[in-house]
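Student: The following block contains a protein sequence and its predicted model.
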Amino acid sequence: MDVPSFFPDHLILENQLKNYETLQITRSGEILKIALNRPKLNLFNEKMIRELTHAFTRQRDNMDIRFIILTATGENFTAGVDLKEFGSRDIKPVDGRKNQLLGHDLMHSIENLEQVTVASLRGIVCGAGMAIAQACDFRIMTEDSYFLVPETQIGTYYTWGCTPRLVRMVGASKAMEIIMTCDPLNAEEAYRLNLANKVVKNESLDEETNKFIDKIVSKSPTSIRITKKIVQGASMVGFGNMLPVEPELMQGLVHTGETKEGISAFLKRQPPKY
């Protein structure tokens, strides 16, 4: 959409945000809500990844917005990556590297935000969905929601820099358990492991998310922003060593053929033969 140059910057941004195909975006005062919107399981395809990255990047300098809620339409946050899309074409090693770079861009676009970010989660929070939830400052889950990392089942690993993020949050051994076993992690266990800040009743997710934000909104905006940056700086030690090499690791993994076998077996609903 072409917007006349005499429009205020925030109006230009809001008009651009209306054009996304995979997202539903609404605003209430200083709060922007970005909802995944690919019914019925909100599966990640390349378009959604690019649109999310664009939406977050656009909002970084929008000082009219202080809080961003990341949520989803429907009963589930997301069942992860759309393997039918990625599995429908011949997977080349270079594709693995490029997809990693695309995912890194998305994660950076969330973590680079000046605003406070809250992931408001219900139902399935799988793979890429858990990844972007981890990138948010806070996570609020419903009682029936659960995290799931299925990557090793389909011949890949927990990507987009999320393995070191998970280690940072729950410790090395527990992170390996979550990734290697592919067992679901329910909301109460996620809370115990510091992966969730609150667990709320299913019907009150929106209300409880707003209540959580209300506790912060009256505090000094600059102090909140500085606190966020200090915490991020303190917790990201060592990440710089991992992120540059991860795309190359993925390229090598795809070259083995295990990723192709894993995705093919998943789509055929049969055990993979590694």
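Tutor: Noted; the coordinates are in hand.
Student: hey, which helix is longest across this structure?
Tutor: Taking DSSP state H as the criterion, the chain has its longest helix at helix 93-111.
Student: Which element is encountered next along the chain beyond the helix or strand encompassing M180?
Tutor: Applying DSSP states H and E as the criterion places M180 in helix 172-181. Following helix 172-181 in sequence order, the next helix or strand is strand 185-186 (DSSP H and E).
Student: List the strands paired with that next one, with their directions.
Tutor: Strand pairing for strand 185-186, using DSSP bridges, gives strand 146-148 (antiparallel).
Student: The stretch 151-274 of the chain: helices as residue ranges?
Tutor: 162-170, 172-181, 187-192, 205-217, 221-235, 239-242, 246-255, 258-268 (DSSP state H, counting those that start in this stretch).
Student: what residues does the third one touch?
Tutor: Under the criterion Cβ atoms under 8 Å, 6 or more residues apart in numbering, residues R139, M141, T142, E143, D144, S145, Y146, F147, A196, N197, K198, V199 lie in contact with helix 187-192. For the C-beta atoms, the positions are set from N, CA and C on the backbone; glycine is no exception.
Student: Show me which of those is closest to G96.
Tutor: Among the contacts of helix 187-192, F147 lies closest to G96 (Cβ to Cβ), at 23.6 Å.
Student: For the closest one, list each beta-bridge partner.
Tutor: What pairs with F147, by the bridge criterion (DSSP bridges), is V125, L185.
Student: What's the local residue count around it?
Tutor: 28 (other Cβ atoms under 10 Å).
Student: Ok, A196 next?
Tutor: 25.
Student: what's the closest non-adjacent residue to L195?
Tutor: If the residues on either side of it in the chain are set aside, L195 comes closest to M169, at 6.0 Å by Cβ to Cβ, 6 or more residues apart in numbering.
Student: Quick one: residues contacting that neighbour.
Tutor: Taking Cβ under 8 Å, 6+ apart, one finds Q134, A175, L193, N194, L195 in contact with M169.
Student: So which of the contacts of helix 187-192 are in strands?
Tutor: The strands, defined by DSSP state E, take in R139, M141, T142, Y146, F147, K198, V199 from the contacts of helix 187-192.
Student: so what's the first one up against?
Tutor: With contact taken as Cβ under 8 Å, 6+ apart, R139 is in contact with V118, A119, L121, A133, A190, L195, A196, N197.
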